[in-house]
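[1] give me a model of this one.
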Amino acid sequence: MAVDYLVIVVYLAGMLAMGWWGMRRARSKSEFLVAGRRLGPAMYSGTMAAIVLGGASTIGGVGLGYQYGLSGAWMVFTIGLGLLALSVFFSARIARLKVYTVSEMLDLRYGGGRAGIISGVVMWAYTLMLAVTSTIAYATIFDVLFDINRTLAIVLGGSIVVAYSTLGGMWSITLTDMVQFVVKTIGVLLLLLPIAVVKAGGFSEMKAQLPTGYFDPLGIGGETIFTYVLIYTFGMLIGQDIWQRVFTARSDRTAKWGGTVAGTYCLAYALAGAVIGTAAKVLYPKLGSADDAFATIVKDELPVGVRGLVLAAALAAVMSTSSGALIACATVANNDIWSRLRGIGKAPEDAHDEVKGNRAFILLMGLAVIGTAIAIDNVVEALTVAYNLLVGGLLVPILGGLVWKRGTVYGALASVVVGGLAVIVLMATHGILANEPVYYGLLASLAAYLVVSLATPATDAAVLAAWRERLSGRSPELPSEPVTAPQ
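    Predicted coordinates:
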């Protein structure tokens, strides 16, 4: 294992070195939060694929393949579909807005900050829990590597991500994500996938050893697939962690086509994880937990050196999602919540002070993420709550604002409140893991948005004119608040 340890240590040291290098480039708010909005197609595609394919997509995707066969690919597949939909239909408009958060987009579209702070709180809770669940995954990986206890593993992995994210912000995260994208591609697609299939005796032996349901593309069940679409495909359309990467694109063309490449890569990654899990089922038919499939096949079947590289790929998957969620959480906490509560959002601040403030919030949120990850018990339930609130509360006002000009600020507020409350009540009555909360919460949110928007005065013409200017890309990035409708 000495060679494997060396590979991991070199990888982790490289992440910290890139964080230090990124600090030298992050001299302004734009550089720190969105990498100066100047990523080209190759770097944009790699980093976008890195952030959406985290520990759940890698370790969890293999686990679903172990449990359901090829249809276990659907969870990650719907993530790829969501990224494709975002890139093709919305990313160009989002990139032209020149904002930093989803809540700022709502302010621009509806006028004023009434919708922004409520949506900011919901988005903050989502990004916090996303970062927490990503951080918890370190326990699984470091247990395989070093056989250390859960708390120490979370502190070790979380501290490295917090360190390089705090140092250089989005520039550090972009550089590390690009390396992590390459490591994941080599470790999972080029090494683990073919080795797993060969060790299992090839596809013919896999078919002979397993029930036919393992090769049914819909074997996981239609209702499960539909739920994945609602949660993950729609979640990709509106998450701050994803939008903040769209904001880094050099142009709307880069956002559209670079994202399309990343989404296509996700589809291939989804199938690879399911195939690896299916091979693990042949090799280890009686594992205690499906989520142990990845660690078991890596630990028992891969040669020295290769094992270290594949485990580095798993670390890369976790770190890319964790760092992306962390900077998104800190950006929302500072720009959408703290600044508004202090009443300083209307006055542009010194650029250097803004960098220091955002850096301090990343450190603060990072410590909160590590502490919560140590304390939390049920990871799946925590992430389900976050996604249910995100989709049930924010999907309709965000997409409605992009496609329906008759939507109003009151409709947006009603949609967030009614959808969010419906999700909370239904989770309490039907259970957190039930499908009904997101189904009926989304319908309630849509109904509230339509009814209240049509029952209230249309958005002020000046607000819509300013909104159209931003969407067209003719209006420059502004530090001040958006146009506010007359009261």
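
[2] okay, CA-based contacts and neighbour counts for the rest of this
    Will do.

[3] so where is this protein shaky, pLDDT-wise?
    Where the chain drops to pLDDT under 70, the residues are 1, 112-115, 140, 143-145, 343-353, 377-380, 474-487.

[4] which helix of it spans the most residues?
    Assignment by DSSP state H gives helix 150-184 as the longest helix of the chain.

[5] helix or strand right after it?
    Downstream of helix 150-184, the first helix or strand assigned by DSSP states H and E is helix 193-199.

[6] what helices or strands is that following helix leaning on?
    Using 3 or more Cα pairs under 8 Å, 6 or more residues apart in numbering; DSSP states H and E, the elements in contact with helix 193-199 are helix 252-283, helix 293-301.

[7] ok and the first one relative to helix 293-301, angle-wise?
    What that stands for is helix 252-283. 60 degrees (axes from the mean of the first three to the mean of the last three Cα atoms, to 10 degrees).

[8] just checking, what packs against helix 252-283?
    helix 41-52, helix 61-68, helix 74-85, helix 91-96, helix 193-199, helix 202-209, helix 293-301.

[9] most packed of those helices?
    Scoring these by mean neighbour count under mean count of other Cα atoms under 10 Å gives helix 61-68 as the most buried, with a mean of 29.

[10] using PDB, write out every CA atom in it.
    Listed next in PDB are the C-alpha coordinates belonging to helix 61-68 (Å, rounded to 0.1, in the frame of the first residue of the first chain):
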ATOM      1  CA  GLY A  61     -23.600   5.200  -8.900                       C
ATOM      2  CA  VAL A  62     -21.600   2.000  -8.500                       C
ATOM      3  CA  GLY A  63     -23.800   1.100  -5.500                       C
ATOM      4  CA  LEU A  64     -26.900   1.500  -7.600                       C
ATOM      5  CA  GLY A  65     -25.300  -0.700 -10.300                       C
ATOM      6  CA  TYR A  66     -24.600  -3.300  -7.800                       C
ATOM      7  CA  GLN A  67     -28.200  -3.200  -6.600                       C
ATOM      8  CA  TYR A  68     -30.100  -2.800  -9.800                       C
END
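
[11] mind listing what residue 321 touches?
    Residue 321 sits next to 50, 51, 52, 53, 54, 55, 131, 134 when contact means Cα atoms under 8 Å, 6 or more residues apart in numbering.

[12] report the two of the residues you listed separated the most.
    For these, the farthest-apart pair by Cα to Cα is 50 and 131; their separation is 14.4 Å.

[13] ok so, going back, now render the helices and strands packed on helix 193-199 as TSV, adding distance to residue 369.
    Compiled in TSV, these are given as follows (distance: least, Cα to Cα, whole Å):
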stretch	distance to residue 369
helix 252-283	26
helix 293-301	24
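
[14] between the ones you listed, which one is closest to residue 10.
    It's helix 293-301; of the helices and strands packed on helix 193-199, that one is closest to residue 10 (Cα to Cα) at 19.2 Å.

[15] output that closest one as CSV - backbone C-alpha positions only.
    Extracted as CSV, the C-alpha positions of helix 293-301 are listed here (Å, rounded to 0.1, in the frame of the first residue of the first chain):
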residue,chain,number,x,y,z
ALA,A,293,-19.2,-2.1,-3.8
PHE,A,294,-16.9,0.6,-5.0
ALA,A,295,-14.5,0.4,-2.0
THR,A,296,-14.5,-3.5,-2.1
ILE,A,297,-13.7,-3.9,-5.8
VAL,A,298,-11.0,-1.2,-5.6
LYS,A,299,-9.4,-2.7,-2.5
ASP,A,300,-9.4,-6.3,-3.7
GLU,A,301,-9.1,-6.3,-7.4
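
[16] report the angle between whichever helix or strand comes after it and helix 150-184.
    Counting by DSSP H and E, the next helix or strand C-terminal to helix 293-301 is helix 306-331. Here the directions of helix 306-331 and helix 150-184 differ by 100 degrees (the same axes, to 10 degrees).
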